[in-house]
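Colleague: attaching a predicted model along with its sequence, questions to come.
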2 protein chains.
Amino acid sequence: MSEPSMIGVDWGTSRLRAALLGADGAVLAEHAADAGIMTVRDGGFAARLQAAVAALGAPAGLPVVLSGMITSRQGWQELPYLPCPADARALAGVIRRLEAPGLGPLHFITGLSCTGPDGIPDVMRGEETQIIGQDDPARGEAVVLPGTHSKWVVVEGGRIVRFRTYLTGELFAVLEAHSILGRLMTAGPADDAAFARGVRVALDSPGLLGRLFSARALPLLGDLEAQAVRDYLSGLLIGTEIAEARHAEAPASVLVIGSDTLARRYAQALDLAKLQHRQGYPDAAFRGQWLVARAAEIVR
Amino acid sequence: MSEPSMIGVDWGTSRLRAALLGADGAVLAEHAADAGIMTVRDGGFAARLQAAVAALGAPAGLPVVLSGMITSRQGWQELPYLPCPADARALAGVIRRLEAPGLGPLHFITGLSCTGPDGIPDVMRGEETQIIGQDDPARGEAVVLPGTHSKWVVVEGGRIVRFRTYLTGELFAVLEAHSILGRLMTAGPADDAAFARGVRVALDSPGLLGRLFSARALPLLGDLEAQAVRDYLSGLLIGTEIAEARHAEAPASVLVIGSDTLARRYAQALDLAKLQHRQGYPDAAFRGQWLVARAAEIVR
């Protein structure tokens, strides 16, 4: 087992994840808790971090490298977005250092901003370390991080060149919970055929706003079972994301980074779109932090 | 004042609107209440209707013509959708007649279904009488009913040929109330410039799912005031509706039917899209019911 070199903390809106990393960047110990920044009140960040460091059983005084929503306005240290293109070295160059009692030196990695070819700006906080932690994608391969706010990212020569956020996961959640489309949904087993049907509708006829209501019209007309509506809507949204991103970026292939269930769904949809794809490391944020820390000579 | 000939009732999800109509279809008296079908429990429809008829001061025994969500599964008389193309005569042919104590004969007008050129089905209940109550649109003129579930309708020779529902209004409401996009909104006066900016983004670069997040990125980057976010998002959605509908139907011009505030917003967006438009009768449901009733020889 290699010598501990640093502590990585991926501190998001709802989750805190911490890891003790070895001299080679390998994860030696991990800790995760529902202790996202929205759960921490009145400057309680240092105390919460001390608890996470203690849970890792880390030696005293190790440098702590933090990224994610912890650098947002609601976080501990608000940092301006770094404009793309940016690589590990550029992120290292704008690290904010902070001392906190009872903890080793803290190093905050900020998020990225970019402007699309259409002039529309975008932002990320946290995903940049996941992307930097991947092996370099192939030429023309888009990096996709599915989720609440899906990101499609163009990476060239280790640099994040540009990206776009798709509101896919959050839109699904609010439509299911709060819209008329959710009213006709009933629980049921995962329905791959209904999911595929939604994906095909999205791929065959682009235009999301005029397709969403089909998740109501189809069951009303007896053409879709109530327990299939949920997966149909999921397919409609993920299929739309792929159709829009393909139109915007024309990627030759796709590297999918995400949890197993969601990654499986994206794989199914990408197959239907006839887009080549493979899976990346689902959890490379700590490796990305370690690479940035090395570029900043926090670790050697 | 012409002789009363019938009572029209436009009974929707949240509102009940009733009118006493003359022999020529003119409105002699009106009554409206927040007494939509979702507020009526345990077969209380007859009693609620009697109250509306009493409020109109209508003579006893007049025929009552009903349309809207009152013919849905949650309504009084569930009626199957009539497939398009359909005109007043076709709707008249499938009227369901019912007797109810203390009321004249009841005549229920059902809603319409259609299948788009892309095979996607759609449905409406209530809008069909509003459309039939308009003067005939010009050649190539799309009829647009903005709202929670916006409809773009193709009418030819008095027949509703096909239509598509856009979830514009409902999507705006759920995103404002329940999504991360609503969190950066603060109240402010109507901001036509922010609305126009959202419309332009939607018209210039189609693809809604990858544009929604701009309503978060722009204010985070200091490029949009918090009190302008709401109108920007509204413009983004209405602009997307127009872009998608134009792509789907390529209308030569547009007839907008709706309330003044919303109709004004659509007019502004249609100007930006360089689509000719004019306003229809904002409230033609009773006239439409009267035309269907005449085709059914309920009135003469």
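Modeller: Received the coordinates, thanks.
Colleague: remind me which residues of the stretch 1-150 of chain A are low pLDDT?
Modeller: A:1 (pLDDT under 70).
Colleague: try it again with 90
Modeller: A:1-2, A:41-43, A:60, A:101, A:116-118, A:136 (pLDDT under 90).
Colleague: near chain B, which residues of it are found?
Modeller: By Cβ under 8 Å from any Cβ of the partner chain, the residues of the stretch 1-150 of chain A that approach chain B are A:81, A:113, A:118, A:120-123, A:149. C-beta coordinates here come from the backbone N, C-alpha and C atoms, glycine included.
Colleague: please enumerate the helices of the stretch 51-200 of chain A.
Modeller: For the stretch 51-200 of chain A, the helices defined by DSSP state H, counting those that start in this stretch occupy A:88-93, A:127-132, A:168-178, A:180-183, A:192-204.
Colleague: what residues of the fourth one count as buried?
Modeller: By neighbour count with 16 or more other Cβ atoms under 10 Å in any protein chain shown, helix A:180-183 contains the buried residues A:180-182.
Colleague: which other residues reach that helix?
Modeller: For helix A:180-183, the surrounding residues in contact (Cβ atoms under 8 Å, 6 or more residues apart in numbering or on different chains) are A:175-176, A:212-213, A:215-216, A:229, A:233, B:149, B:167, B:170.
Colleague: can you redo the residues of the stretch 1-150 of chain A next to chain B as JSON lines, where the extra columns are neighbour count?
Modeller: Shown next, in JSON lines, are the residues of the stretch 1-150 of chain A next to chain B (neighbours: other Cβ atoms under 10 Å in any protein chain shown):
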{"residue": "A:Tyr81", "neighbour count": "23"}
{"residue": "A:Ser113", "neighbour count": "20"}
{"residue": "A:Asp118", "neighbour count": "14"}
{"residue": "A:Ile120", "neighbour count": "18"}
{"residue": "A:Pro121", "neighbour count": "18"}
{"residue": "A:Asp122", "neighbour count": "25"}
{"residue": "A:Val123", "neighbour count": "20"}
{"residue": "A:His149", "neighbour count": "21"}
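Colleague: can you get me a residue count around A:Glu141?
Modeller: Residues lying near A:Glu141 (other Cβ atoms under 10 Å in any protein chain shown) number 19.
Colleague: repeat for the one 4 residues further on
Modeller: A count of nearby residues for A:Leu145, using other Cβ under 10 Å, gives 23.
Colleague: just how off-centre is stretch A:258-269 within its chain?
Modeller: The chain centre lies 13 Å from the centre of stretch A:258-269; the measure is Cα atoms, centre = their mean, to the nearest Å.
Colleague: now do stretch A:120-132
Modeller: That offset, for stretch A:120-132, works out to 8 Å (Cα atoms, centre = their mean).
Colleague: span of it from start to end?
Modeller: The straight-line separation of the ends of stretch A:120-132 (Cα to Cα, to the nearest Å) is 23 Å.
Colleague: one more: stretch A:133-146?
Modeller: Taking Cα to Cα, the first and last residues of stretch A:133-146 lie 16 Å apart.
Colleague: doesn't A:Tyr266 belong to a strand?
Modeller: No: under DSSP: H, G, I helix; E, B strand; the rest coil, A:Tyr266 sits outside any strand and is assigned helix.
Colleague: ok, now which ones touch it?
Modeller: Counting by Cβ under 8 Å, 6+ apart, A:Tyr266 makes contact with A:144, A:146, A:238, A:256, A:258, A:277.
Colleague: one step back: Serialize the helices of the stretch 51-200 of chain A to JSON lines and add fields for distance to A:Arg162.
Modeller: JSON lines is the format used below for these (distance: least, Cβ to Cβ, whole Å):
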{"stretch": "helix A:88-93", "distance to A:Arg162": "14"}
{"stretch": "helix A:127-132", "distance to A:Arg162": "12"}
{"stretch": "helix A:168-178", "distance to A:Arg162": "19"}
{"stretch": "helix A:180-183", "distance to A:Arg162": "32"}
{"stretch": "helix A:192-204", "distance to A:Arg162": "23"}
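Colleague: where do the strands sit along chain A?
Modeller: A:4-11, A:16-22, A:27-33, A:64-67, A:82-83, A:96-98, A:106-108, A:112-115, A:121-124, A:141-145, A:150-156, A:159-166, A:253-256, A:276-279 (DSSP state E).
Colleague: which one of those lies closest to B:Pro85?
Modeller: Among the strands of chain A, the nearest to B:Pro85 by Cβ to Cβ is strand A:159-166 (37.1 Å).
Colleague: ok, the closest one near chain B or not?
Modeller: Yes: using Cβ under 8 Å from any Cβ, we find that strand A:159-166 touches chain B at A:164-166.
Colleague: now do the lengthiest helix in chain A against strand A:150-156, angle only.
Modeller: The longest helix of chain A (DSSP state H) is helix A:229-249. Using axes from the mean of the first three to the mean of the last three Cα atoms, to 10 degrees, the direction of helix A:229-249 lies 30 degrees away from that of strand A:150-156.
Colleague: let me see the domain layout of chain A.
Modeller: In terms of domains, chain A is parsed into A:4-133+A:284-295, A:168-279 (source: automatic domain parsing).
Colleague: what's the average pLDDT for the shortest one?
Modeller: Taken as a whole, domain A:168-279 carries a mean pLDDT of 95.
Colleague: straight-line length of that domain, end to end?
Modeller: For domain A:168-279, the first-to-last residue distance is 19 Å (Cα to Cα).
Colleague: how far does that domain sit from its chain's centre?
Modeller: The answer for domain A:168-279 is 19 Å, by Cα atoms, centre = their mean.
Colleague: excluding residues flanking it in the chain, which one is nearest A:Leu62?
Modeller: Using Cβ to Cβ, 6 or more residues apart in numbering or on different chains and skipping the chain neighbours, the partner closest in space to A:Leu62 is A:Gly104 (4.8 Å).
Colleague: got the contact list for the one you found?
Modeller: By Cβ under 8 Å, 6+ apart, the residues touching A:Gly104 are A:7, A:60-64.
Colleague: now these: which count as buried?
Modeller: The neighbour count (16+ other Cβ under 10 Å) marks A:7, A:62-64 as buried among the contacts of A:Gly104.
Colleague: ok so, going back, can you say which of the strands of chain A is packed in most?
Modeller: Comparing these by mean neighbour count (mean count of other Cβ atoms under 10 Å in any protein chain shown), strand A:64-67 ranks first with a mean of 28.
Colleague: quickly run through the sheet partners of that strand, with directions.
Modeller: Strand partners for strand A:64-67, identified by DSSP bridges, are recorded as strand A:4-11 (parallel), strand A:106-108 (parallel).
Colleague: residues contacting A:Gly133?
Modeller: If a contact means Cβ under 8 Å, 6+ apart, then A:Gly133 has A:281, A:284-291 as its contacts.
Colleague: ugh, wrong one, I meant A:Ile298
Modeller: Applying Cβ under 8 Å, 6+ apart to A:Ile298 gives the contacts A:6, A:63, A:65, A:95, A:107.
Colleague: mind listing what the third one touches?
Modeller: If I follow you right, that is A:Val65. Residues near A:Val65 by Cβ under 8 Å, 6+ apart: A:6-9, A:107, A:109, A:289-290, A:292-293, A:298.
Colleague: since that was my last question, I'll sign off now.
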